[in-house]
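Trainee: Sequence and predicted structure below; questions after.
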Amino acid sequence: MTERERPPGKIDPTVPTVARMYDYFLGGKDNFPADREAAEKIVELSSQGGANVREMARANRDFLVRAVETAARAGVRQFLDIGTGLPTQDNVHQVAHRIIPDAKVVYSDNDAIVLVHARALLADNPDTVIIDGDAHDPKGLLAAAAQHLDFSQPVAVLVVALFHYFSDDDEVAGIVQALREPLVPGSHLIITHAYVEQGESIPGRRSETEDVYRRTTSGALHLRDCDMVRTYFDGLELLEPGLVPVQDWRNDDPFIVPGMEKGGILGGVGRVP
């Protein structure tokens, strides 16, 4: 095992995590053999339905960039990225700082390797921190974030590609409500979520796909339909073009994600009126 492969303490490299699998999909190097094996299995299964998981991951990341730019240009100076995953190119603080150099950014994750890498990356950036936070405890997460952010002013809250690892619909609805509760007018809620239309199946072999994710630290993949995801924005001003596949959201260079005509990843940005 090389030094790059050697895990920090309390990290089990034999159990895949979705953060490291996502890093692999994006072409990153911060992953272990178990992550690569699981990710390649997802690539194989998805390709059987004509899908390209790497393109989906890239489209999701590009949406994040455009959504953060949109919020920053609207004057939002504070960002909370929940379930941030491993650092990659165009992280939230890098995108926000191109528009608002003194924007404050809080990242939250409970994956040990994410915390290690992010703390190293952010060591010399006083306006950006990462906290050990669990979305299953949104009130605790918000309390920790409030030590760095002023919730009496607008905040953009990002929950990108996270809720589809939560199987309980009522819990997700409760988390969304808790995250929205402290947000003042002008705040933004940014969500992406893997979806499948009613009556459709996951491209590839559904049971095998779900089994791969069930073996990760995050548990099974739980897709929801567009109508369900849209309820997370009830009462908010859903910015144009609404809740749409991520590759179609305010994209000047849209592209087709093969196999995703009936599913994929939805993205939306809601503004608190």
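Mentor: Good, I have the coordinates.
Trainee: Would you map the strands across the chain?
Mentor: 78-82, 104-109, 128-132, 156-160, 188-196, 237-238, 244-245, 263-271 (DSSP state E).
Trainee: Quick one: those as a markdown table, columns for mean neighbour count and distance to Y22 too.
Mentor: Glycine gets a C-beta too; all of them are placed from N, C-alpha and C. What follows is the strands of the chain, written out as a markdown table (neighbours: other CB atoms under 10 Å; distance: least, CB to CB, whole Å):
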| stretch | mean neighbour count | distance to Y22 |
| --- | --- | --- |
| strand 78-82 | 26 | 14 |
| strand 104-109 | 26 | 12 |
| strand 128-132 | 19 | 17 |
| strand 156-160 | 25 | 10 |
| strand 188-196 | 23 | 12 |
| strand 237-238 | 14 | 26 |
| strand 244-245 | 20 | 18 |
| strand 263-271 | 24 | 12 |
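Trainee: Save these as CSV, and put in mean pLDDT too.
Mentor: Formatted as CSV, the strands of the chain follow (pLDDT from 0 to 100):
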stretch, mean pLDDT
strand 78-82, 98
strand 104-109, 96
strand 128-132, 93
strand 156-160, 98
strand 188-196, 92
strand 237-238, 98
strand 244-245, 92
strand 263-271, 91
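Trainee: Need those in JSON lines (columns: distance to Y24).
Mentor: Below are the strands of the chain laid out as JSON lines (distance: least, CB to CB, whole Å):
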{"stretch": "strand 78-82", "distance to Y24": "20"}
{"stretch": "strand 104-109", "distance to Y24": "17"}
{"stretch": "strand 128-132", "distance to Y24": "21"}
{"stretch": "strand 156-160", "distance to Y24": "17"}
{"stretch": "strand 188-196", "distance to Y24": "17"}
{"stretch": "strand 237-238", "distance to Y24": "32"}
{"stretch": "strand 244-245", "distance to Y24": "22"}
{"stretch": "strand 263-271", "distance to Y24": "17"}
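Trainee: Nearest approach to S207 belongs to which of those?
Mentor: Closest to S207 of those is strand 188-196 (CB to CB; 14.1 Å).
Trainee: if we can go back for a sec, do you know which of the strands of the chain lies nearest E40?
Mentor: strand 188-196 (18.6 Å).
Trainee: Which elements pack onto that closest one?
Mentor: helix 53-73, strand 156-160, helix 169-180, helix 226-230, strand 263-271 (3 or more CB pairs under 8 Å, 6 or more residues apart in numbering; DSSP states H and E).
Trainee: residues of the helix or strand of the chain with the lowest mean pLDDT that come out buried?
Mentor: Here the helix or strand of the chain ranked lowest by mean pLDDT, DSSP states H and E is helix 206-214, holding a mean of 77. For helix 206-214, burial by neighbour count (16 or more other CB atoms under 10 Å) applies to T209, E210, V212, Y213.
Trainee: Give the closest residue to the second one in space, chain neighbours not counted.
Mentor: Excluding its sequence neighbours, the residue lying closest to E210 (CB to CB, 6 or more residues apart in numbering) is A220, at 5.1 Å.
Trainee: Could you do the first one as well?
Mentor: Excluding its sequence neighbours, the residue lying closest to T209 (CB to CB, 6+ apart) is L45, at 5.0 Å.
Trainee: Tell me how many other residues surround that neighbour.
Mentor: By the criterion of other CB atoms under 10 Å, L45 has 22 neighbours.
Trainee: Would you confirm that it contacts D211?
Mentor: No - counting by CB atoms under 8 Å, L45 does not reach D211; the two are 9.6 Å apart.
Trainee: contacting residues for the residue nearest in space to the middle of the chain?
Mentor: The chain has V160 as the residue nearest its centroid, 2.3 Å off, counting by CA atoms, centre = their mean. Contacts for V160 (CB atoms under 8 Å, 6 or more residues apart in numbering) come out as N60, F63, L64, D81, G83, I190, I191, T192.
Trainee: Could you do D35 as well?
Mentor: In this structure, D35 makes contact with P16, T17, R20, M21, D23, Y24, judged by CB under 8 Å, 6+ apart.
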